[in-house]
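# Here is my input; please provide its structure:
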Amino acid sequence: MRELKPLKVTIGLNKQGQADYPNFNVLQAVLDSGMDWSQYVDVVGDGWHYDSVSGHKEDTSDSPYGQQFGVILAPEDFVTQATAMFPTVCVEINESQFETFYNEKAHVNEPDEKIDTDILTGIKLKQDLGQALTAEQLKALDPDDDTPGVVKNKSKTWVDYKDKKNITIKK
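All right, here's what the predicted structure looks like:
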């Protein structure tokens, strides 16, 4: 079980119109790791979850034009250091706030299921020929079974994702 904390980051735009992240390479947690911060957040943490509803080019009440929000799930020392070093753009949020961001902003546009059309086409052809489906083919039609075919997207909701990734949020 990995115990991480959510860090909400306001990502601006630089003069070239590219995402302007804080320089997390100055944090002691990153320096001690010997990695670039962009690798650190993926290797030691769980990487980025970006707002997919309001990006840099939209102007909404919770995300003005020119900024976007992202949340990093990272170890406590990284989050503590980032909020101290970059208090105007980094804020620690709790699990309830992160779950809302995850479900309603970051992953809201993902499909509920992952569908393998090749497998489903083969099953349909077999059914059209009047042939009985095997136990494996029946499992492929069950979204709660991990057999390729129709599979529940376990990255769609925070509840499923944290279970899949074996993550807990440190209080």
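
# how much space between L4 and L120?
36 Å (CB to CB, to the nearest Å). (Each C-beta comes from the backbone N, C-alpha and C, glycine too.)

# neighbour-wise, which of the two wins?
L4 (22 against 16; other CB atoms under 10 Å).

# What's the separation between the closest residue to that one other than its chain neighbours and W48?
Closest residue to L4 apart from its sequence neighbours, by CB to CB, 6 or more residues apart in numbering: L73 at 4.3 Å. Applying CB to CB, the value for L73 to W48 is 9 Å.

# of the two, who's got more company?
L73 (23 against 16).

# Would you agree the more buried one falls within a helix?
No. Assignment of L73 by DSSP: H, G, I helix; E, B strand; the rest coil gives strand, placing it outside any helix.

# for it, what are its contacts?
Contacts here follow CB atoms under 8 Å, 6 or more residues apart in numbering; on that basis L73 touches 4-7, 45-47, 49, 98, 167, 169.

# and the lengthiest strand in the chain, what other elements does it pack with?
Looking across the chain with DSSP state E, the single longest strand is strand 2-13. Applying 3 or more CB pairs under 8 Å, 6 or more residues apart in numbering; DSSP states H and E, we find strand 2-13 packed against strand 19-20, strand 68-74, helix 76-85, strand 90-92, helix 95-101, strand 167-169.

# Just name the most buried of these.
The highest mean neighbour count among the helices and strands packed on strand 2-13 belongs to strand 68-74 (a mean of 23), with neighbours defined as mean count of other CB atoms under 10 Å.

# partners of the residue most central in space within the chain in the sheet?
Using CA atoms, centre = their mean, the residue of the chain that lies closest to the mean C-alpha position is H49, 3.9 Å off. On the basis of DSSP bridges, H49 is bridged to V71.
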